[in-house]
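>>> here is my input; please provide its structure:
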Amino acid sequence: MTREEKSQVIEDLTAQLAESANIYLADISGLDAASTSNLRRACFKANVKLAVVKNTLLAKAMESSEKDFGDLPSTLKGNTSVMYSETGNAPAKVIKNFRKKSDRPLLKGAFIEEAIYLGDEQLDTLVEIKSKEEVIGDIIGLLQSPAKNVISALQSGGGKLAGILKTLSEKEG
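Presented below is the predicted three-dimensional model:
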């Protein structure tokens, strides 16, 4: 690989890092061709982009990125694959699901919306992370709950003020 080619790869990696809010680093070494193909297919279905990278080039891309990757570059040893995703927990779910049949891929680390997770033991934590859409859905559900209580109180109170107040006070207690 020429110096110009390396510079281009670093530039491309830097752009990809800038565009992605969720970045996972994994070790997929030891997977045979069929398993690697199955992993790529699982990533594609989950809308996760998987790319094998050279550690030195990724380290340079991380350095030139405007993001603070903290200790994440320290995981750049051995085989490294990068997983990019719009959803914070999608790559973790792919890895966890894939490991039902294999001991790989191993999670090296992740950068999720500026938070850094290091080590394979973080996999379950990352699977549990909710996407922005899921959190918004939970909040809307919580906000709708009191409104539903008021509506049901109005309906069950028969429309009379005394009945409405009685039903509401029972709901609070």
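>>> from here on, just use CA atoms for contacts and neighbour counts.
Fine.
>>> nearest spatial neighbour of Leu57, skipping sequence neighbours?
Spatial nearest neighbour of Leu57, chain neighbours left out: Ile10 (5.7 Å); criterion: CA to CA, 6 or more residues apart in numbering.
>>> touching, the one you found and Ala61? I think so.
Yes: the pair Ile10 and Ala61 qualifies as a contact (CA atoms under 8 Å) at a distance of 5.2 Å.
>>> low pLDDT regions in this structure?
Applying pLDDT under 70 to the chain flags the ranges 149-150, 152-173.
>>> could you point out the longest helix in it?
Counting by DSSP state H, the longest helix found in the chain is helix 132-156.
>>> give me the helices and strands touching that helix, please.
helix 161-172 (3 or more CA pairs under 8 Å, 6 or more residues apart in numbering; DSSP states H and E).
>>> any idea how far stretch 137-149 is from the middle of the chain?
How far stretch 137-149 lies from its chain's middle: 25 Å, per CA atoms, centre = their mean, to the nearest Å.
>>> swap in stretch 72-84?
Relative to the mean C-alpha coordinate of its chain, stretch 72-84 is positioned 16 Å out (CA atoms, centre = their mean).
>>> restricting to C-alpha, output that stretch in CSV.
Extracted in CSV, the C-alpha atoms of stretch 72-84 (Å, rounded to 0.1, in the frame of the first residue of the first chain):
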residue,chain,number,x,y,z
LEU,A,72,-10.6,3.2,22.9
PRO,A,73,-7.4,3.3,20.8
SER,A,74,-5.7,1.1,23.5
THR,A,75,-7.9,-1.8,22.2
LEU,A,76,-6.3,-1.6,18.8
LYS,A,77,-4.2,-4.8,19.0
GLY,A,78,-4.5,-7.9,16.9
ASN,A,79,-7.5,-8.3,14.5
THR,A,80,-9.9,-5.4,14.5
SER,A,81,-13.2,-4.9,12.8
VAL,A,82,-15.2,-1.7,13.0
MET,A,83,-19.0,-1.8,13.3
TYR,A,84,-20.9,1.3,12.5
